[in-house]
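**Q** Need the 3D shape of this:
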Amino acid sequence: MAIKHNEEESVDVQMTPLIDCVFLLLIFFLVSSQMKKVEKELPIDLPKADVSLKVKATSDMVTVGVDKFGKFYINSQPVGAEGLRVALKTAMAENPDRRIRISGDMYAPFRSVVQVMDTCRAEEIGIVGIHTDPGEKYK
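**A** A predicted model of the protein is given here:
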C-alpha cells in the first residue's frame, strides 16, 4: 500500500504561544527589577558642592543616610548607632570591596557624620564617599 505525501503543505508557526512567552518574560523582568531609587526615599537635603564626581549608586553599594536630627539609616532602613556597626560589619563580611556612600542632610549634626565615618574606619572600610548635590554650575 503506497502512502502519498503532499509536499506542498506549508508549516505554520503558532504565534500565540510565542506571544504568551514574551509577555511572561516581560512580567518577570518588571517584577524582579528595582523600581525606585533607594536614596530618594529619605527626606534628606544634600549639601551642594561645586566640584563633585557623579557616581551612580549600584546594587552593591551601601547607602548610609543621616537625617537632620542625626538618626542613621542603612539603605533607607532606620538603625541606631549599634545597628549601624552591625550592618556595616555584615555588609563587609559579604563583600570586602563594597563601597559605602554617606548621604548626610546639610543640617545634620556634624558629630553624626563623624560617627558614621568613625564606624567605617573601625570596621576597616576603605572606600567611603560622601553624596552631595552638584552645584548649579554642573547641572
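**Q** tell me the centre residue of the chain?
**A** Against the mean C-alpha coordinate of the chain, by CA atoms, centre = their mean, the closest residue is Ser59 at 3.9 Å.
**Q** Double-check that that residue belongs to a helix.
**A** No. Assignment of Ser59 by DSSP: H, G, I helix; E, B strand; the rest coil gives coil, placing it outside any helix.
**Q** what about it, distance to Asn95?
**A** As judged by CB to CB, to the nearest Å, Ser59 and Asn95 stand 11 Å apart. The C-beta positions use only the backbone N, C-alpha and C, and glycine is treated the same way.
**Q** In its sheet, which strands sit next to the helix or strand of the chain with the lowest mean pLDDT, and in what direction?
**A** Confidence across the helices and strands of the chain bottoms out at strand 48-49, with a mean of 74, counting by mean pLDDT, DSSP states H and E. Applying DSSP bridges, strand 48-49 is found paired with strand 133-134 (parallel).
**Q** now the partner strand, how far from the chain's geometric center?
**A** Distance of strand 133-134 from the chain centroid (CA atoms, centre = their mean, to the nearest Å) equals 18 Å.
**Q** Need the contact partners of that strand.
**A** With CB atoms under 8 Å, 6 or more residues apart in numbering as the test, strand 133-134 has contacts from 46-49, 52, 54.
**Q** Could you pull out the helices in this protein for me?
**A** For the chain, the helices defined by DSSP state H occupy 15-32, 81-94, 110-122.
**Q** Mind giving me the packing neighbours of the longest one?
**A** For helix 15-32, there is no helix or strand it packs on, judged by 3 or more CB pairs under 8 Å, 6 or more residues apart in numbering; DSSP states H and E.
**Q** can I get the CA coordinates of that helix in CSV?
**A** Extracted C-alpha coordinates of helix 15-32, given in CSV (Å, rounded to 0.1, in the frame of the first residue of the first chain):
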residue,chain,number,x,y,z
MET,A,15,2.3,33.0,17.3
THR,A,16,0.0,32.7,20.3
PRO,A,17,2.4,30.6,22.5
LEU,A,18,5.3,32.8,21.4
ILE,A,19,3.5,36.0,22.4
ASP,A,20,2.5,34.4,25.8
CYS,A,21,6.1,33.6,26.5
VAL,A,22,7.2,37.1,25.6
PHE,A,23,4.6,38.6,28.0
LEU,A,24,5.6,36.2,30.8
LEU,A,25,9.2,37.2,30.4
LEU,A,26,8.3,40.9,30.4
ILE,A,27,6.2,40.5,33.6
PHE,A,28,9.1,38.6,35.2
PHE,A,29,11.6,41.3,34.5
LEU,A,30,9.3,44.1,35.6
VAL,A,31,8.6,42.3,38.9
SER,A,32,12.2,41.3,39.6
